[in-house]
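**Q** Turn this into a structure:
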Amino acid sequence: MSSFELLNPKVQRFITNELKWNKLTEVQEATIPHVLDGKNIIILAP
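**A** Numbering: from 1, shown residues only. Here you go, the predicted model:
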C-alpha cells in the first residue's frame, strides 16, 4: 500500500483535485507512515 493510500480519502481528493498533484514526493512517501503512526519526526530538506 502506498503512503497516499494511507491518507484519509478527503485528504486524497484535496491533493489530487485542489493541489493538482499526481504523486507524492519521495520525502512525503517516506514520512507519511511515521506521521500516521504518531511518531515525532524531523524532515531536513537539502
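**Q** K10: neighbour count?
**A** Using other CB atoms under 10 Å, the number of residues around K10 comes to 8. In short, each C-beta sits where N, CA and C put it, glycine included.
**Q** in which helix or strand would I find it?
**A** Following DSSP states H and E, one finds K10 within helix 9-13.
**Q** And the helix or strand just after that helix, what's buried?
**A** Remark: after helix 9-13, the chain's next helix or strand is helix 26-36, criterion DSSP H and E. For helix 26-36, burial by neighbour count (16 or more other CB atoms under 10 Å) applies to 28, 31-32.
**Q** Distance to M1 and pLDDT added to those residues, as a markdown table?
**A** Shown next, in a markdown table, are these (distance: CB to CB, whole Å; pLDDT from 0 to 100):
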| residue | distance to M1 | pLDDT |
| --- | --- | --- |
| Q28 | 15 | 94 |
| T31 | 15 | 94 |
| I32 | 11 | 96 |
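**Q** can you put the residues you listed in TSV and add distance to N22?
**A** Shown next, in TSV, are the buried residues of helix 26-36 (distance: CB to CB, whole Å):
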residue	distance to N22
Q28	13
T31	19
I32	16
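**Q** Which pLDDT value belongs to N40?
**A** At N40, the model reports a pLDDT of 96.
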